[in-house]
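# Sharing a sequence plus its predicted fold:
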Amino acid sequence: MPTPDSTRRVLQVGPLKPSLAETLRNTYDALVLPDGSERAAFLAEHGARIHAAVTSGRTGVNAELMAALPNLGAVVNFGVGYDTTDVDAAAASGVMVSNTPDVLSDCVADTAVGLLIDVLRQFSAADRYLRAGRWPADGNYPLTHKVSGSRVGIIGLGRIGNAIATRLTAFGCSISYHNRNERTDSPYEYVASPVELARQVDVLVIAAAGGNATRNLVDRDVLDALGPNGYLVNIARGSVVDEDALVEALADGRLAGAGLDVFVDEPNVPEPLLTMDNVVLLPHVGSGTVETRAAMEALTLANLDKFLQSGELVTPVPMPAASRG
Ligand code: 8YV
């Protein structure tokens with residue numbers, strides 16, 4: 001149990017799971033960063049007392065906020081993705097960052113496989129067809145495409161990418177992947193570029209981390225290599241795909257379909273996607289089960305506790321080498 005210390009405060013940055021926010025308030029006496037016009041005065045009053053910030057992948061701590069928290073020691077992130085936190089700025093100021101890996105891999109991989117099956121077999125569209133009374137009126141639903149035995153390419157063979165591969169191997173799918181570096185311990189075929197991977201597969205699944213290093217990695221060339229019989233599934237970050245190019249490719253019939261849990265400007269989704277029956281759209285629910293979110297909450301609090309007690313984290317993220325310019 002942490003001892004409240006008025007010179008070492010915890011700060012909640014952005015909305016969090018209600019039970020986590022309640023624990024932060026009740027057990028850690030955390031402050032909550034206000035939005036808008038109140039923020040500057042709040043930071044002037046409390047900024048120097050903030051020792052740990054708790055946030056989520058949806059909000060994060062950017063360089064500007066970090067600069068206003070000169071005694072910050074750790075950013076504790078609820079979620080595996082931490083692309084909204086500026087890790088370069090954190091490294092430069094000696095701020096550590098943690099995330100919640102592993103505990104969500106199963107649910108996010110389940111979501112990827114669910115989207116893949118849904119977009120190839122058009123279950124969501126067929127459900128809409130039935131509910132609209134079209135079965136008796138228009139007859140059988142058109143034929144769709146087979147999942148088992150299809151060729152799947154995974155961009156980003158980390159923990160989640162591997163969990164997706166394991167599941168799809170049970171469907172008899174062949175798995176190849178592209179990664180920053182070849183995984184020498186992997187049974188799957190490595191392909192050196194996203195374009196080449198896309199050319200070789202029926203379905204391209206994105207499981208790479210977001211951020212500047214992967215921004216628009218899946219661009220028009222990759223989508224064209226996937227081609228009019230190819231499908232895209234994204235459970236990672238919207239930023240990994242050139243979303244305008246994706247919408248164009250789908251609208252022009254240059255791509256067969258897409259299953260998307262993530263978007264560039266969440267919660268806003270490009271309008272043209274809403275009327276496409278070959279697209280399955282989810283509101284970023286990859287890790288969104290009671291069980292997994294509870295495990296993420298527990299790991300977030302374990303990181304916060306360990307930091308407050310010892311200055312260390314349970315699951316720190318790798319930090320870039322700090323450079324102060
Ligand atoms: C969460 C996620 O929805 O872990 C991640 O990176 O995208 C999801 O599990 C999100 O981080 C919660 O803010």
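All right, it came through fine.
# which sections of the chain are below the confidence cut-off?
1-6, 322-325 (pLDDT under 70).
# show me the contacts for the residue nearest to Arg183 when sequence neighbours are not counted.
Here the nearest residue to Arg183 in space, its sequence neighbours aside, is Leu157; by Cβ to Cβ, 6 or more residues apart in numbering that works out to 5.6 Å. Backbone N, C-alpha and C define where each C-beta goes, glycine included. By Cβ atoms under 8 Å, 6 or more residues apart in numbering, the contact set of Leu157 is 165, 177, 179, 183, 186, 188, 207.
# what about burial for those, which qualify?
Using 16 or more other Cβ atoms under 10 Å as the burial test, those include 165, 177, 179, 188, 207 as buried.
# nearest to the ligand, of those residues?
Ala207 (11.2 Å; Cβ to the nearest ligand atom).
# What residues does that closest one make contact with?
108, 112, 154-158, 160-161, 164, 235-236.
# can we see that at 7 Å?
Ala207 makes contact with 112, 154-156, 158, 160-161, 164, 235-236 under the criterion Cβ atoms under 7 Å, 6 or more residues apart in numbering.
# In helices, which of those residues appear?
112, 160-161, 164 (DSSP state H).
# Using PyMOL, define a selection of the buried residues within these.
In PyMOL syntax, the buried subset of the ones in helices among the contacts of Ala207 is picked out as below (16+ other Cβ under 10 Å):
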select buried, resi 112+160+161+164
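# JSON lines please, covering the ones in helices among the contacts of Ala207 and showing distance to the ligand.
What follows is those, written out as JSON lines (distance: Cβ to the nearest ligand atom, whole Å):
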{"residue": "Ala112", "distance to the ligand": "12"}
{"residue": "Ile160", "distance to the ligand": "9"}
{"residue": "Gly161", "distance to the ligand": "14"}
{"residue": "Ile164", "distance to the ligand": "15"}
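# Looking at the ones in helices among the contacts of Ala207, which two lie furthest apart in space?
Ala112 and Gly161 (9.0 Å; Cβ to Cβ).
# What segments of the stretch 201-325 of the chain are helices?
Ranges of helices in the stretch 201-325 of the chain, per DSSP state H, counting those that start in this stretch, are 220-226, 243-251, 290-310.
# Deepest in the core, which of those helices is it.
helix 220-226 (a mean of 21; mean count of other Cβ atoms under 10 Å).
# Quick one: name the residues of the stretch 101-250 of the chain near the ligand.
Applying Cβ under 6 Å from any ligand atom, we find that the stretch 101-250 of the chain lies next to the ligand at Leu104.
# State the distance from whichever residue of the stretch 101-250 of the chain sits closest to the ligand to Leu299.
Residue nearest to the ligand within the stretch 101-250 of the chain: Leu104 (5.2 Å; Cβ to the nearest ligand atom). Leu104 sits 9 Å away from Leu299, going by Cβ to Cβ, to the nearest Å.
# cool, and Gln200?
37 Å.
# Likewise for Val195?
37 Å.
# Dead centre of this protein: give me the residue that sits there.
Ala236 (4.0 Å; Cα atoms, centre = their mean).
# show me what contacts the closest residue to that residue other than its chain neighbours?
In space, and not counting its chain neighbours, Ala236 is closest to Ile206: 4.7 Å by Cβ to Cβ, 6+ apart. Ile206 sits next to 155-156, 218, 233-234, 236, 240-241 when contact means Cβ under 7 Å, 6+ apart.
# Which residue lies closest in space to the closest residue to the ligand within the stretch 201-325 of the chain, excluding its sequence neighbours?
Using Cβ to the nearest ligand atom, the single residue of the stretch 201-325 of the chain nearest to the ligand is Ser287, 3.2 Å away. Sequence neighbours aside, Leu104 is the residue nearest to Ser287 in space, at 4.0 Å (criterion: Cβ to Cβ, 6+ apart).
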